[in-house]
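Have a look at this fold, sequence not included:
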């Protein structure tokens, strides 16, 4: 180097620095573009590794600059289809009331808009560092972690006959009157539009009038699998505590953004799944009879981060 002139030395030094900077930037880009991967109950990216249910540092308030969010703790929930890390609020961030006992139309509208109401609350938590989006937890999220994969395909057709209430038919084709008073009126949801069928008085059991056919899609189950006396998720595990307990160890109760239709021999009902301690449970908000409920549950939030 002593035989090189000053300009040449400067050029070499600057070239080395430039190459080093480019190399460092390439490494940063590679690291930033790495995807999270899930293996069993472990999620990892590079030298970062978490078990499902581990605490994860996420500042949803952005150093307390956001006043419309609740400061809660967060736990590792999984990985989305794009390879982003999913974290879940370890407690309820806000309560949401759906339905109405006095106003049927309000309850019916909540069946249509309830998922959006939940996600609108959740979206406020998508502003933290590296966050990509936020949404409310849904039933599919729970099922993926528990491994529950059974479906409910129960179908039934309702008719008007001689009785004031709707009737159904059993496996032998015999007429079975429903036991819930429908007051000669039957409500159901069709492509986000509520419809009403009113008995006109001309129907008889010999001249039935079909109301409609319905197929149930409600999935509900306890964490304990009574068929083989096992548990879908091991009790007191990190995963169990995340899903079924609030961070203060109280039993968790929160909505999922999954709505359903439930078909029984006596009515058709509509509502939303809810986690109630160690079960994926549900709350009926609207019945085919025109009865309705008002239910308040908490909101748990899922945030995706890079």
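Arrived safely. Keep in mind that this is a model prediction, so the values were computed, not measured.

what's the longest strand in the chain?
Secondary structure assigned by DSSP state E gives strand 253-263 as the longest strand of the chain.

In that one, which residues are buried?
Buried residues in strand 253-263, counted by 16 or more other C-beta atoms under 10 Å: 253, 254, 255, 256, 257, 258, 259, 260, 261, 262, 263. Placement of C-beta: from N, CA and C, glycine included.

before we move on, what about stretch 88-98?
Here stretch 88-98 shows 88, 89, 90, 91, 92, 93, 94, 96, 98 as buried, counting by 16+ other C-beta under 10 Å.

Check stretch 187-196 too.
Residues 187, 188, 189, 194 are the ones in stretch 187-196 that count as buried (16+ other C-beta under 10 Å).

pLDDT on it, on average?
Computed over stretch 187-196, the mean pLDDT rounds to 97.

and that stretch, how far from the chain's centre?
23 Å (C-alpha atoms, centre = their mean, to the nearest Å).

Okay, and residue 66 sits in which element?
Assigned by DSSP states H and E, residue 66 belongs to no helix or strand.

List phi and psi for it.
The phi and psi values for residue 66, taken as degrees, to the nearest 10, are phi -100, psi 120.

Report the contact partners of it.
Residues touching residue 66, when contacts are defined by C-beta atoms under 8 Å, 6 or more residues apart in numbering, comprise 60, 124, 127.

now do residue 264
Going by C-beta under 8 Å, 6+ apart, residue 264 touches residue 156.

Spell out, range by range, the strands that occur in the stretch 201-306 of the chain.
Taking DSSP state E, counting those that start in this stretch as the criterion, the stretch 201-306 of the chain contains strands spanning 209-215, 221-222, 224-225, 230-231, 253-263, 268-276, 279-287, 294-299, 301-305.

So for residue 243, which of the ones you listed sits nearest?
In this view, those are compared for proximity to residue 243 by C-beta to C-beta, and strand 268-276 is the closest at 6.7 Å.

distance between the closest one and the chain's centre?
The chain centroid and the centroid of strand 268-276 are separated by 12 Å under C-alpha atoms, centre = their mean.

Tell me the helices and strands packed up against it.
Contacts of strand 268-276 with other secondary structure elements, assessed using 3 or more C-beta pairs under 8 Å, 6 or more residues apart in numbering; DSSP states H and E, are made with helix 104-123, strand 253-263, strand 279-287.

Please convert these to JSON lines, extending it with mean pLDDT.
Output for the helices and strands packed on strand 268-276, formatted as JSON lines (pLDDT from 0 to 100):
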{"stretch": "helix 104-123", "mean pLDDT": "98"}
{"stretch": "strand 253-263", "mean pLDDT": "98"}
{"stretch": "strand 279-287", "mean pLDDT": "98"}
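
of all these, which lies closest to residue 56?
Ranking the helices and strands packed on strand 268-276 by their distance to residue 56 (criterion: C-beta to C-beta) puts helix 104-123 first, at 16.5 Å.

Give the next helix or strand downstream of that closest one.
Note on helix 104-123: by DSSP H and E, the next helix or strand toward the C-terminus is strand 131-136.

That's all I had, so thanks and see you.
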